[in-house]
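[1] Build me a model from this:
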Amino acid sequence: MAPGRQGAIPRTRSPVGDPAAPPKTQTSKPKARDGAIVSVRYNHPGLEPYPKTAPRGKRMLAARKFLLWLAPAAALSAAAQNAPVHPVHVTSPDGQIEFVLSGPEDVSAPAQPATLRYSVDYRGKPLIENSALGLDIDGQPPLGPSVHKVSAVYGQTDDTYAVLAGKSSSARNHCNWARVDLEESSGALRKMSVEVRVFNDGVAFRYLLPQQSLFTSFDIARERTEFHFAKDAVTYPLVLSGFQSSYADEYQTRHISGLHPEWLVALPLLSHVPGVGWVAITEADIDNYAGMYLQRDPQQPMTLDATLSP
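    I've put the predicted structure just below:
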């Protein structure tokens, strides 16, 4: 189930033809098998979009959604004023996928920096573990650390919409969801929300930045969104030479730990987590927002970091 703009931090990356590049062993785009777990990030049309009149890199309201398809969540509402972010659990309608949102005070990952984090389990097995969430806003401290939960609302959606082109004339939109409103415990007391939707075949999540005194107009330099895999998954990346690419190249086969930190990986990225399932990370419905790419974290060999185009 995060908004990029002007000022995105450029990174030096090796061209595809660099001698350090891995051999190209995949000549066609890999396909997920039945039961694949799909991760999609998008700005959902059901929520208020960014004003289209705002210049690129500026907006009055920021929203970003990440989807991870994974187990059943109760349809209820709850509020806890100024409470720490005790883990928030959202499961898919069939109970196979579970998304867990935890706050900076969670001690499940003591060796990692304190910040907002999420995990995804599939059929009771960890798929994505202790992955950071947050945003770097130009001229301001990072948004994500030192937040506490203001309220949380849970619910379920089950409706059908028409498909204009494809094998079916309609599609079912069936998920359990949660919206967690957060606020910093010190400093500027900035507000943000994380919305999560868990379907039977994936998970979505996004950041929401409500209008506030510090967010009338701003630049998001980068996202701090991570995808930390529970195992050294086999990936099928399309490695690009830069942000302006024709995407005309061959897919490779590499373990996550074998991806060079400077390689720029295109979306969608398909991977297989041994003994757990297939995962595809992608994005959709991006309006007035920088496209996302992936790069392996140089300090964490099984972590992919979100990288926004400049």
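[2] mind listing the strands for the stretch 201-310 of the chain?
    Applying DSSP state E, counting those that start in this stretch to the stretch 201-310 of the chain gives strands spanning 202-209, 220-223, 226-228, 234-236, 239-240, 254-255, 264-265, 269-273, 277-284, 292-296, 303-308.
[3] now the third one: mean pLDDT?
    Regarding strand 226-228, the rounded mean pLDDT is 97.
[4] ok, that strand: who's next to it in the sheet?
    When pairing is defined by DSSP bridges, strand 226-228 lines up against strand 303-308 (antiparallel).
[5] list the buried ones in the partner strand?
    303-308 (16 or more other Cβ atoms under 10 Å). Bear in mind the C-beta positions are built from the backbone N, C-alpha and C, glycine included.
[6] Low-confidence stretches in the protein?
    Residues of the chain that meet the criterion pLDDT under 70 lie in 1-85, 105-113.
[7] mind listing what the residue lying closest to residue 144 once chain neighbours are set aside touches?
    Using Cβ to Cβ, 6 or more residues apart in numbering and skipping residues adjacent in sequence, the residue nearest residue 144 is residue 134, 2.4 Å away. Contacts for residue 134 were tallied using Cβ atoms under 8 Å, 6 or more residues apart in numbering; they are 115-116, 142-145, 223-225.
[8] what about 7 Å?
    Contact analysis of residue 134 by Cβ atoms under 7 Å, 6 or more residues apart in numbering lists 115-116, 142-145, 224.
[9] Mind checking which of those residues are in strands?
    With strands taken from DSSP state E, there is no overlap with those.
[10] Give me the ChimeraX select line for those residues, limited to the buried ones.
    Burial among the contacts of residue 134 is assessed by 16+ other Cβ under 10 Å; the matching ChimeraX selection reads:
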select :115,116,143,144,145,224
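[11] Distance to residue 178 added to the contacts of residue 134, as CSV?
    Formatted as CSV, the contacts of residue 134 follow (distance: Cβ to Cβ, whole Å):
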residue, distance to residue 178
115, 19
116, 14
142, 23
143, 19
144, 18
145, 21
224, 21
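[12] Out of the contacts of residue 134, flag the one nearest to residue 176.
    residue 116 (20.2 Å; Cβ to Cβ).
[13] what's the neighbour count on the closest residue to that closest one other than its chain neighbours?
    Distances taken as Cβ to Cβ, 6+ apart place residue 133 nearest to residue 116, at 4.3 Å, with adjacent residues excluded. Neighbours of residue 133 under the rule other Cβ atoms under 10 Å: 26.
[14] go on, residue 247?
    7.
[15] List the buried residues of stretch 86-98.
    Judged by neighbour count using 16+ other Cβ under 10 Å, the buried positions of stretch 86-98 are 88-93, 96-98.
[16] quick one: which of those sit in strands?
    88-91, 97-98.
[17] State the pair within the residues you listed that is farthest apart.
    Within these, 88 and 97 form the most distant pair, 14.6 Å apart (Cβ to Cβ).
[18] Out of the strands of the stretch 201-310 of the chain, flag the one nearest residue 174.
    strand 202-209 (11.5 Å).
[19] Can you show me the CA trace of the closest one as PDB?
    Extracted C-alpha coordinates of strand 202-209, given in PDB (Å, rounded to 0.1, in the frame of the first residue of the first chain):
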ATOM      1  CA  GLY A 202      -2.400  -8.500  -2.300                       C
ATOM      2  CA  VAL A 203      -1.900  -5.500  -0.100                       C
ATOM      3  CA  ALA A 204      -2.100  -1.700  -0.700                       C
ATOM      4  CA  PHE A 205      -0.800   1.100   1.400                       C
ATOM      5  CA  ARG A 206      -0.200   4.800   1.000                       C
ATOM      6  CA  TYR A 207       0.700   8.000   2.900                       C
ATOM      7  CA  LEU A 208      -1.800  10.700   3.400                       C
ATOM      8  CA  LEU A 209      -0.700  14.200   4.400                       C
END
